[in-house]
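*Asks:* Structure for this input, please:
(chains A and B)
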Amino acid sequence: AQTVTQSQPEMSVQEAETVTLSCTYDTSESDYYLFWYKQPPSRQMILVIRQEAYKQQNATENRFSVNFQKAAKSFSLKISDSQLGDAAMYFCAYRLRRTSGSRLTFGEGTQLTVNP
Amino acid sequence: DSGVTQTPKHLITATGQRVTLRCSPRSGDLSVYWYQQSLDQGLQFLIQYYNGEERAKGNILERFSAQQFPDLHSELNLSSLELGDSALYFCASSATEDYGYTFGSGTRLTVV
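*Replies:* As a prediction, this is how the structure comes out:
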């Protein structure tokens, strides 16, 4: 079974600074996707960034980027120029690539606080 | 608006009762997923439907059941409710080959 581990229950960062959230996963599969989701106080699940396992290039979305290390099964999220609106719970997630869809397996989450 | 519609947004009910949560997926998406998020917890996968058929089951209790109808909307039925069933229940949908999920805004269930 696939598992996703986020070892940092809480993180904090100063506004405008950079923070990195860690995630490791365990799988015997080679074709999968990895995601970071953000859950603000509204509890809405918002997709932040996604990475295809077959792509070596790290994904980037504006201030958000990942460091994907497939051999190490590591998938960290870097948030640059942190803003107050980035404060949220962040979940790392894994999904097998299947034509009929497949479940997302989530980590336990990291609560990010942004200090003004 | 994510395109995935969940109703109701809030539900308060008593122990022992039965409730139905409804989800309308994003247009064109064939897969529907249900997740449970208890207070300060991560998301636990309950069940997946693909084009009307059950495709995968997760940690879903026997008191819970779900179905997906021909118009692709889905319902999650929770019966003999207990206090511990209080949680946020998310529905998400995805297209066949799409690697992304779209989540609804959730139904907050409170059992008193």
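*Asks:* Please make it C-alpha for all contacts and neighbour counts, starting now.
*Replies:* Fine.
*Asks:* residues in contact with the residue most central in space within chain B?
*Replies:* Closest residue to the average C-alpha location of chain B: residue B:34 at 3.5 Å, with CA atoms, centre = their mean. Residues in contact with residue B:34 (CA atoms under 8 Å, 6 or more residues apart in numbering or on different chains) are B:45-48, B:76, B:89-92.
*Asks:* for chain A, what are the nearby residues on chain B?
*Replies:* Listed as neighbours of chain A in chain B under the rule CA under 8 Å from any CA of the partner chain: B:31, B:33, B:41-45, B:48, B:50, B:56, B:94-99, B:103-106.
*Asks:* Show the buried residues in these.
*Replies:* For the residues of chain B next to chain A, a neighbour count by 16 or more other CA atoms under 10 Å in any protein chain shown gives the buried set as B:31, B:33, B:42-45, B:48, B:50, B:94-96, B:99, B:103-106.
*Asks:* Of all pairs in those, which one is the farthest apart?
*Replies:* The widest separation within those, taken as CA to CA, falls between B:42 and B:96 and amounts to 25.4 Å.
*Asks:* How about the residues of chain A by chain B?
*Replies:* Contact residues, chain A versus chain B (CA under 8 Å from any CA): A:33, A:43-46, A:91, A:97-109.
*Asks:* hmm, try it at 10 Å
*Replies:* Within chain A, the positions lying close to chain B (CA under 10 Å from any CA of the partner chain) are A:32-35, A:42-47, A:49-52, A:89, A:91, A:93, A:95-110.
*Asks:* Got a quick ChimeraX command for the buried subset of these?
*Replies:* In ChimeraX, selecting the buried portion of these, with burial taken from 16+ other CA under 10 Å, looks like this:
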select /A:32,33,34,35,43,44,45,46,47,49,50,51,52,89,91,93,95,96,97,100,101,102,103,104,105,106,107,108,109,110
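*Asks:* Contacts only, for residue 74.
*Replies:* No chain in the question, so chain A it is. By CA atoms under 10 Å, 6 or more residues apart in numbering or on different chains, residue A:74 lies in contact with A:4-5, A:22-26, A:66-68.
*Asks:* The chain in question should be chain B.
*Replies:* Contacts of residue B:74 were listed using CA under 10 Å, 6+ apart, and they are B:6, B:21-25, B:31-34, B:48-49, B:52, B:66-68, B:91.
*Asks:* what's the answer for residue B:109, then?
*Replies:* With contact set as CA under 10 Å, 6+ apart, residue B:109 has these partners: B:8-13, B:19, B:21, B:38, B:85-89.
*Asks:* Quick check: pLDDT value at it.
*Replies:* Per-residue pLDDT puts residue B:109 at 97.
*Asks:* Secondary structure, pLDDT and distance to residue A:9 added to the contacts of residue B:34, as CSV?
*Replies:* Converted to CSV, these look like this (DSSP: H, G, I helix; E, B strand; the rest coil; pLDDT from 0 to 100; distance: CA to CA, whole Å):
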residue, secondary structure, pLDDT, distance to residue A:9
B:45, strand, 93, 20
B:46, strand, 96, 24
B:47, strand, 96, 27
B:48, strand, 93, 28
B:76, strand, 98, 30
B:89, strand, 97, 22
B:90, strand, 97, 22
B:91, strand, 97, 25
B:92, strand, 95, 25
